[in-house]
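Visitor: let's see this in three dimensions:
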Amino acid sequence: MSARVPTIVGIAVVLFLFPFPVFASEIVINEFSPLSSPDWVEVYNISTVSADLSIYKLKDASGNTLALSGAILPSGFVTFDWSNRLNNDGDTFSLYKNLDIVMTVTYGGQGNICIPSSSGSIAWIPDGGDTFDRLSTSTKNLTNGMSFTDPCPTPTPFPISTPTSTPVPTSTPTNTPVPTATN
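Guide: A predicted model of the protein is given here:
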């Protein structure tokens, strides 16, 4: 029995000194299009290992939820159709890993990301990068560098009607003839 104890202790020491590497995958919202039919959201794996997407879900401000499924390779893309759940004029939606929010995107009137054109999308530049930008054409399931950026249009100012004042009649003194005395 004493021969087994050193073997078990030896295995424990080896595991303690040389632990198995633990990798955490990181999935991000990489591109989306609320104006296509159906809406779609592309996720991107920024880690160096494959990831199981079944622990992720998308959820919008109205509570619409989409459970993700499948696997994603390192530096890979997977796109999910979302049945026209994203509002065309703006929305907020989040990517969850289990119960934790990984990231939240707000676009349109509520956020600082404008709405894409009908053929375009909103995407991270570069893939998994640090800046969301509007693309002239979507790069669904392709690298986001495959399209040109399409700056948000500058709002066109519209004339504000200025009330005009109606002139108020003023009294003008009139000369009244003074009667002259006659003899």
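Visitor: to what extent is the closest residue in space to residue 73 that isn't next to it in sequence buried, counted in neighbours?
Guide: Excluding the flanking residues, the one nearest residue 73 by Cβ to Cβ, 6 or more residues apart in numbering is residue 50, at 5.4 Å. (C-beta placed from N, C-alpha, C; glycine too.) Residue 50 has 14 neighbouring residues, counting by other Cβ atoms under 10 Å.
Visitor: tell me if I'm right that residue 50 and residue 71 touch.
Guide: Yes: Residue 50 is within contact range of residue 71, at 5.6 Å (criterion: Cβ atoms under 8 Å).
Visitor: do a quick rundown of the helices in the protein.
Guide: Secondary structure of the chain (DSSP state H): helices at 4-17.
Visitor: what about it, any weak spots by pLDDT?
Guide: For the chain, the stretches with pLDDT under 70 are 1-25, 110, 153-183.
Visitor: apply 80 and report the result again.
Guide: 1-25, 109-112, 130, 145-147, 149-183 (pLDDT under 80).
Visitor: in it, which spans are strands?
Guide: Remark: strands assigned in the chain by DSSP state E are 27-33, 40-45, 51-52, 56-60, 65-67, 71-72, 77-81, 90-97, 100-108, 121-125, 131-135.
Visitor: what is the third one packed up against?
Guide: In terms of contacts (3 or more Cβ pairs under 8 Å, 6 or more residues apart in numbering; DSSP states H and E), strand 51-52 is packed against strand 71-72.
Visitor: can you spell out which helices and strands pack onto the strand it packs on?
Guide: Checking 3+ Cβ pairs under 8 Å, 6+ apart, strand 71-72 ends up next to strand 40-45, strand 51-52.
Visitor: let's see 7 Å
Guide: strand 51-52 (3 or more Cβ pairs under 7 Å, 6 or more residues apart in numbering; DSSP states H and E).
Visitor: sheet partners, orientation included, of the strand it packs on?
Guide: Strand 51-52 has the following strand partners under DSSP bridges: strand 71-72 (antiparallel).
Visitor: what's in contact with the partner strand?
Guide: Residues outside strand 71-72 that contact it (Cβ atoms under 7 Å, 6 or more residues apart in numbering): 27, 43, 45, 50, 51, 52, 53, 78.
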